[in-house]
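Engineer: Let's see this in three dimensions:
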Amino acid sequence: MMKKLSRKKAAKAHISMIKNQSTFPSPAKPLLIVISGPSGVGKDAVLARMKESGYPIEYITTVTTRPRRATERDGVDYHFVSPEKFQEMISSNELLEWAKVYDKWYGVPREAVKQALNQGKDAIVRVDVQGAATIKKLLPQAVFIFLTLPSMEELAMRLKRRRTESSLDLALRMKIAEEEIKQLPLFDYVVVNKQDEIDQAALDIEAIITAEKCRVTPREVAL
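Structural biologist: Predicted coordinates:
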């Protein structure tokens with residue numbers, strides 16, 4: 001008759017079996033977070049609040065041909081370039097994605113994203129909904145978050161309050177926003193940026209990133 005295994009030996013055998021079955025999840029890989037949503041929902045403001053809190057993530061600065069606003073800093077808020085320079089960047093494959101939005105060009109610098117991921121850092125980019133759709137095709141394993149407001153009425157109010165658009169531009173932005181909201185199924189998560197609750201919106205995004213790090217099967221973005 002075979003001797004029964006001692007409790008200690010049985011425990012070791014069980015642990016060995018578990019290891020051999022590879023039941024432990026792999027370590028989380030660096031994430032690419034894509035923040036999108038209609039113009040005026042506060043994408044820049046929410047990311048600025050995350051920066052202020054010291055949240056550890058690589059913030060990728062968008063390239064644009066639109067004029068710099070008085071409160072914006074080149075290289076911090078955006079990389080402001082000429083239309084000619086932007087076209088050169090497209091030709092030399094320096095942009096991960098690019099799109100023309102309200103008659104101005106916007107793009108995500110490819111190398112900045114690649115460097116962050118290769119260094120094991122999570123990276124976050126802000127793009128319009130058209131840009132998010134492009135990245136979804138290229139890098140479906142990225143995390144896509146749609147930032148929105150509680151209502152279209154509040155969106156109209158915020159756009160009016162910032163006083164950067166004419167009445168015609170405002171009407172166009174509202175019309176485009178209605179179409180962009182229909183693209184919600186493209187995204188993994190939605191975050192509502194309520195009035196005077198920007199801290200909560202930032203915390204919601206951080207919570208999503210934390211949850212993604214706890215996935216049994218980690219996402220892996222290959223760029």
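Engineer: Identify each buried residue in stretch 170-185, please.
Structural biologist: For stretch 170-185, the neighbour count (16 or more other Cβ atoms under 10 Å) marks R173, M174, I176, A177, E180, I181 as buried. (Glycine included, C-beta is placed from N, CA and C.)
Engineer: separation between the fifth one and G37?
Structural biologist: Distance, E180 to G37, by Cβ to Cβ, to the nearest Å: 7 Å.
Engineer: Which neighbours do the two have in common?
Structural biologist: V129 (Cβ atoms under 8 Å, 6 or more residues apart in numbering).
Engineer: just the helices in the chain please.
Structural biologist: 7-20, 43-52, 83-91, 110-118, 129-138, 152-162, 167-181, 198-213 (DSSP state H).
Engineer: V191: which of those helices is closest?
Structural biologist: With Cβ to Cβ as the criterion, V191 lies closest to helix 198-213 of the helices of the chain, at 4.6 Å.
Engineer: In that closest one, which residues are buried?
Structural biologist: I198, A201, A202, L203, D204, I205, I208, I209, E212.
Engineer: cool, and stretch 110-124?
Structural biologist: R110, A112, V113, A116, L117, D122, A123, I124.
Engineer: Which positions are bridged to the spatially most central residue of the chain in the beta structure?
Structural biologist: Closest residue to the average C-alpha location of the chain: V34 at 2.0 Å, with Cα atoms, centre = their mean. Going by DSSP bridges, V34 is paired in beta bridges with V125, F144.
Engineer: Just confirm it contacts Q141, I think it does.
Structural biologist: No. Using Cβ atoms under 8 Å, V34 makes no contact with Q141, being 11.0 Å away.
Engineer: so how far is Q115 from P109?
Structural biologist: For P109 relative to Q115 (Cβ to Cβ), the value is 10 Å.
Engineer: If you could redo that for R49, that was the one I meant.
Structural biologist: 25 Å.
Engineer: Equivalent analysis for L139, please.
Structural biologist: Taken as Cβ to Cβ, the span from L139 to Q115 is 15 Å.
Engineer: Could you do G131 as well?
Structural biologist: 20 Å.
Engineer: now swap in K100 and tell me
Structural biologist: For K100 relative to Q115 (Cβ to Cβ), the value is 26 Å.
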